[in-house]
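Asks: requesting a structural model of the entry that follows:
(one chain, ligands or ions: 1)
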Amino acid sequence: MKKMTKRNFLKTGAVLGAAGFVGAPAFAAGTPPSEEFLKQDMINDQGQYVLPPLPYAYDALEPHIDEQTMRLHHDIHHNGYVKGLNKATEKIKSATADNDFSLIKHWESELAFHGSGHFLHTIFWNNMSPKQGTRSKTLDRQINNDFGSFDKFTNLYKSASKSVEGSGWGILGYQPHTDKLVVLQAEKHQNHSQWITYPLLVVDVWEHAYYLKYQNKRAEYLDAFFEVINWEDVSQRLDELKTAFGGK
Ligand code: MN3
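Replies: Prediction:
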């Protein structure tokens, strides 16, 4: 069992490929992780957040999630969150140094919006894979205990995600303090506020995540998402949390 760190929880599990930032050539799906990729940090030498590369090629999830959507979603949308997070972090640092908090409400809001966007997308990319893998015994048992069966969980997760108002996320999370799974809607991700829950499986239901291929048919996108869920990643996230928090 890998020791859980914040970085590991976001990045490991479905780390399939070698390093390469935006614009670098994509690598083949299913390539084992390189040392460079695993050592790569969420933060660069200057202390800034960095956009992690996709853990597979842009077209690896075809036909379920199309290449053009993945390019726009990762290179433009996710990168925008990283830039916004760095800017907010910098502004709050300056405000703290200068003891001038006149704009703190604005920058705290930017920090939450871009930070949530960055971290949820980082989990989201790893939550998907062309190779779906299998659910661990622990994850299956927990799903059965908390939702009745995998089918019942699937219906709940898809229904909750489909009915998120406007833009947002569907989230399967784990509460280490209660050793329970819970499905949540995050209508505005900066407001996702059930703080004791850790996300295990997140689905981006903002229109930019599916509009090119599925237009307004969010339900069809969710069916497609279920064809590319990386269950080994979801299982590992649960294992890491249970190990860290002593769950059964
Ligand atoms: Mn998105």
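Asks: from here on, contacts and neighbour counts on C-alpha atoms
Replies: Fine.
Asks: what strand or helix carries the residue nearest to Ile104 when sequence neighbours are not counted?
Replies: Excluding its sequence neighbours, the residue lying closest to Ile104 (C-alpha to C-alpha, 6 or more residues apart in numbering) is Ile92, at 7.1 Å. For Ile92, the host element (DSSP states H and E) is helix 79-98.
Asks: what's the residue nearest to Ile104 in contact with, if anything?
Replies: Ile92 sits next to Ile104, Trp107, Glu108 when contact means C-alpha atoms under 8 Å, 6 or more residues apart in numbering.
Asks: now a PyMOL select for only the buried ones of those.
Replies: Applying 16 or more other C-alpha atoms under 10 Å to the contacts of Ile92, the buried members can be selected in PyMOL as follows:
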select buried, resi 107
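Asks: okay, and the closest residue to Leu212 other than its chain neighbours sits in which element?
Replies: Computed as C-alpha to C-alpha, 6+ apart, the closest residue to Leu212 that is not its neighbour in sequence is Thr69, at 6.6 Å. For Thr69, the element it lies in under DSSP H and E is helix 67-71.
Asks: what residues does that helix touch?
Replies: Tyr58, Asp59, Ala60, Leu61, His208, Ala209, Tyr210, Leu212, Lys213.
Asks: which sections of this structure are below the confidence cut-off?
Replies: 1-41, 190-196 (pLDDT under 70).
Asks: mind listing the helices for it?
Replies: Remark: helices assigned in the chain by DSSP state H are 6-11, 35-39, 67-71, 79-98, 104-127, 137-147, 150-162, 211-214, 218-225, 231-245.
Asks: do you know how far the residue nearest the centre of the chain is from Asp100?
Replies: Closest to where the C-alpha atoms of the chain average out (C-alpha atoms, centre = their mean) is Ile123, at 2.2 Å. Ile123 sits 34 Å away from Asp100 when distances are taken as C-alpha to C-alpha, to the nearest Å.
Asks: ditto for Val202
Replies: Separation of Val202 from Asp100 (C-alpha to C-alpha): 37 Å.
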